[in-house]
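**Q** next input, structure requested:
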Amino acid sequence: MVAALHLAALAVLFSTEYGFVGITLALLAWVFVNCLLLLVLRRPGVAAALALVLVVLLIVLSRFKFDILQLSLTFLDFLIVDRDTLSFLLSVFPQLRTQLIVAAVIAVPLLWAIWRADPLRAARGPVLAVLAATTVSMSAISVAAPEQPWEPFQGINHISNLARSGVVAVSRLASTGWIEADPPASGSLGLAPGAHATARPALPPDEKCDTTAKRPHIIMLLDESSFDITAAPGVKVPPGYSDYFKSADGKRRTMIAEATGGPTWYTEFNVLTGMSAKSFGDLKFYVTRITANRIERGLPQALQRCGYRTVSLYPTYGDFLSARAFQKGVGVERFIDMADMGVDEDMQPDKFYFDQALKAFADEQASQSPVFMFVYLTANHFPWTSVYRPDLTPDWKPPGNTPEIDEYIRRQSMTAKDYRDFTERLARDYPDQSFLVLRFGDHQPAISQKLLEPGIDRKLLGQRLMSADPRYFSTYYALDGINFQPPDLSSALATLDAAYIPLVIQDAAGVPLDPSFREQKSIMVRCKGVFYACKDGAEARRFNRLLIDAGLVRGL
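**A** All right, here's what the predicted structure looks like:
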């Protein structure tokens, strides 16, 4: 029976693991789990059965996660288990609860029967020695053959990737903790005496913001996967294509994102907090979950201080990666997710989200306060291998690229049209009110990796991505005014990192900066628009320490 259970587990592993490193790590992980169970239970049969159930369950969960996020399971999924994650899973797959109950009803009696029938007992001494040797071996292999950036996105090697991510996460937490920061006592942000971590730090009296001053409404628009594709050689575009990426002053500006081809929430974190997701190192994929209710500094909070109402229109369920808790923590008062908008799918035409923004703005008019609104667009989300809503562009003529590239450009043209209609309606419906609109591409689309350097070697491409080559991380940002002329564009540099977007918005809107943003502006000037990479991360680490000491970042 024990041999049959082990053979079944090996069959499962060999059907999902590929490559010498992957297979070796998976086998070591299998031995590791069995040894852990043997130390507690001493029964080889029950240990093998539980290990088999665990391995199958982990692979199923990893495939489940990959289907949703195009990323396999990692150790952090278990280190950060929160109510939002479970709620999100049950929202997306309501039948999951029933399936888990049925599985438990079947598994528990079987395990009890194996427990009663198993006559074997394992000596804990040899088991402990094998466990230690296995742990050392997994750590050595994980260090010698580090995970490449594309591996978690392949949908294979579920157990080996999980084991390797465990080594990386434990090493990271042991060495630097959750966030990179200088040791304590690096200076002060000049906050009021007595400010501490359990209360929002007060600003000095002369830094109070006049909430009665007339200021523009602010709309921050996340333009999904958008960049000027003419950066790629040989791509044909319609006439006037690049005009969309210009600001109202006619200038084209570049934003450097911290992600490419995927994680929108890195940029979400950047533009809402003014901080770098890279400060979380290998844990950055979970940055919004890690920082939910732990950061009390950001653009929405800074605007709240000056009398703004703060609203976010989020295109999926608010439990996704703890988005609701994260955004509420940084000052979003009204969080509207997919369920609140009355849809069950995030892929909607951009006009849908613009209409939702107009509706939310109308609801806020009763407060007679300026409004800050963060709006996400989704129509340009991957894949571009199928034509999305062709009825919305009946007169479209493909410029003559591959079907995938032409579809990408077609969706960008949809965004440009819907955006023009949106701004025209704001100007028509609210002629006596002023608006500042800042729009930006959250990251480049995955297809850019095939276009920017045609025929590039996969290994060299991996090196480019790991070194954050600006060619693959450059998007755009643009500023537009409706009945409004920005008084200060000193922060709107030709090229800047995404973490500085809150500075651009506040200066352009005429909002006085609080001490933390004044300090960050001095970093921006010193580093010429570079944030995390400035001085090999020294400026970001010092700034993170200032935020921690001021009580604006807690528990990290």
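**Q** tell me how far Arg411 lies from Val170.
**A** Relative to Val170, Arg411 is positioned 42 Å away (Cβ to Cβ, to the nearest Å). The way it works is simple: take the backbone N, C-alpha and C, and place the C-beta from them, glycine included.
**Q** more neighbours, these two?
**A** Legend: neighbour count by other Cβ atoms under 10 Å for Arg411 and Val170, higher for Arg411 (26 against 13).
**Q** which elements pack onto the helix or strand hosting the more buried one?
**A** Assigned by DSSP states H and E, Arg411 belongs to helix 403-429. Packing partners of helix 403-429 (3 or more Cβ pairs under 8 Å, 6 or more residues apart in numbering; DSSP states H and E): helix 350-364, strand 435-441, strand 477-482.
**Q** lowest-scoring secondary structure element of the protein by mean pLDDT?
**A** Using mean pLDDT, DSSP states H and E, the weakest-scoring helix or strand in the chain turns out to be helix 83-92, at a mean of 61.
**Q** which non-adjacent residue is nearest the residue nearest to the spatial centre of the chain?
**A** Centroid-nearest residue in the chain, with Cα atoms, centre = their mean: Trp265, separated by 2.4 Å. Closest residue to Trp265 apart from its sequence neighbours, by Cβ to Cβ, 6 or more residues apart in numbering: Thr288 at 5.1 Å.
**Q** after the host helix or strand of that neighbour comes which helix or strand?
**A** Here Thr288, judged by DSSP H and E, is contained in helix 287-291. Next helix or strand after helix 287-291 toward the C-terminus (DSSP H and E): helix 299-304.
**Q** thinking again about what came up before, in the helix holding Arg411, what counts as buried?
**A** When burial is assessed from 16 or more other Cβ atoms under 10 Å, helix 403-429 yields the following buried residues: 404-416, 418-419, 422-423, 426.
**Q** isn't Asp514 up against Gln304?
**A** No. Using Cβ atoms under 8 Å, Asp514 makes no contact with Gln304, being 10.9 Å away.
**Q** more neighbours: which of these two?
**A** Asp514 (24 against 20).
**Q** mind checking pLDDT for the residue nearest to Trp265?
**A** Thr288 is assigned 93 on the pLDDT scale.
**Q** next, count neighbours for it.
**A** Neighbours around Thr288, by other Cβ under 10 Å: 28.
**Q** repeat for Ala325
**A** Count around Ala325 with other Cβ under 10 Å applied: 20.
**Q** could you measure from it over to Asp346?
**A** 19 Å.
**Q** all the strands of the chain, residue numbers only.
**A** Secondary structure of the chain (DSSP state E): strands at 217-223, 254-256, 309-313, 334-336, 371-376, 435-441, 477-482, 495-497.
**Q** check the offset of the last one from the chain's centre.
**A** Read it as strand 495-497. When C-alpha coordinates are averaged (Cα atoms, centre = their mean, to the nearest Å), strand 495-497 and its chain have centres 19 Å apart.
**Q** same check on stretch 262-278?
**A** The chain centre lies 6 Å from the centre of stretch 262-278; the measure is Cα atoms, centre = their mean.
**Q** next, the distance between the ends of that stretch.
**A** From its first residue to its last, stretch 262-278 covers 15 Å (Cα to Cα, to the nearest Å).
**Q** now stretch 227-247
**A** Note: stretch 227-247 ends 14 Å apart using Cα to Cα.
**Q** ok, now stretch 365-380?
**A** Counting by Cα to Cα, you get 30 Å between the two ends of stretch 365-380.
**Q** next, the buried residues of it.
**A** Ser369, Pro370, Val371, Phe372, Met373, Phe374, Val375, Tyr376, Leu377, Thr378, Ala379, Asn380.
**Q** got those residues as TSV, with distance to Ile482 and pLDDT columns?
**A** Converted to TSV, the buried residues of stretch 365-380 look like this (distance: Cβ to Cβ, whole Å; pLDDT from 0 to 100):
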residue	distance to Ile482	pLDDT
Ser369	18	94
Pro370	13	96
Val371	13	97
Phe372	15	98
Met373	13	98
Phe374	17	98
Val375	15	98
Tyr376	20	97
Leu377	18	97
Thr378	23	95
Ala379	22	95
Asn380	23	94
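**Q** quick one: which of these is nearest Val55?
**A** Using Cβ to Cβ, Thr378 comes nearest to Val55 of those, at 35.6 Å.
**Q** just to revisit the earlier point, got the contact list for the residue nearest to Trp265?
**A** Thr288 sits next to Trp265, Glu268, Phe269, Leu321, Ser322, Ala323, Phe326 when contact means Cβ atoms under 8 Å, 6 or more residues apart in numbering.
**Q** neighbours of Ala144, how many?
**A** For Ala144, the tally of surrounding residues (other Cβ under 10 Å) stands at 8.
**Q** from here on, call the first residue 8.
**A** I'll keep to 8 as the first residue from here, and by that count the last item is Ala151.
**Q** I'd assumed Cys42 was in contact with Val137.
**A** Yes. In this structure, Val137 is within contact of Cys42 by Cβ under 8 Å, at 5.4 Å.
**Q** quick one, which of the two is more surrounded?
**A** Cys42 (23 against 15).
**Q** show me the contacts for the closest residue to that one other than its chain neighbours.
**A** Distances taken as Cβ to Cβ, 6+ apart put Leu138 closest to Cys42, at 3.9 Å, once the chain neighbours are dropped. Applying Cβ under 8 Å, 6+ apart to Leu138 gives the contacts Phe39, Cys42, Leu43, Leu46.
**Q** at 10 Å instead, please
**A** Neighbour list for Leu138: Val38, Phe39, Val40, Asn41, Cys42, Leu43, Leu45, Leu46, Arg131 [criterion: Cβ atoms under 10 Å, 6 or more residues apart in numbering].
**Q** buried ones among the residues you listed?
**A** Listed as buried from the contacts of Leu138 are Val38, Phe39, Val40, Asn41, Cys42, Leu43, Leu45; burial here means 16+ other Cβ under 10 Å.
**Q** what about this protein, any weak spots by pLDDT?
**A** Within the chain, the stretches with pLDDT under 70 are 75-78, 86-101, 103-104, 106-107, 122-123, 155-157, 160, 192-214.
**Q** thinking again about what came up before, mind putting the buried residues of stretch 372-387 into a markdown table with distance to Ser319?
**A** Formatted as a markdown table, the buried residues of stretch 372-387 follow (distance: Cβ to Cβ, whole Å):
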| residue | distance to Ser319 |
| --- | --- |
| Ser376 | 16 |
| Pro377 | 16 |
| Val378 | 11 |
| Phe379 | 9 |
| Met380 | 7 |
| Phe381 | 4 |
| Val382 | 8 |
| Tyr383 | 8 |
| Leu384 | 13 |
| Thr385 | 14 |
| Ala386 | 19 |
| Asn387 | 19 |
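**Q** and which of those residues is nearest to Arg465?
**A** Using Cβ to Cβ, Asn387 comes nearest to Arg465 of those, at 25.6 Å.
**Q** buried sites along stretch 272-292?
**A** 272-292.
**Q** quick one: Leu48 and Cys42, what's the gap?
**A** Taking Cβ to Cβ, one finds Leu48 at 11 Å from Cys42.
**Q** joint contacts of these two?
**A** By the contact definition Cβ under 10 Å, 6+ apart, Leu48 and Cys42 are jointly contacted by Ala54, Ala129.
**Q** about what we covered before: which neighbours do Asp521 and Gln311 share?
**A** Common neighbours of Asp521 and Gln311 (Cβ under 10 Å, 6+ apart) are Cys216.
**Q** what about Lys215, how many neighbours?
**A** 12.
**Q** quick check: it touching Gly314?
**A** No. Judged on Cβ atoms under 10 Å, Lys215 makes no contact with Gly314 at a distance of 11.4 Å.
**Q** for Ile412, which non-adjacent residue is closest in space?
**A** Leaving aside its chain neighbours, Ile412 sits nearest to Val242 (6.4 Å; criterion: Cβ to Cβ, 6+ apart).
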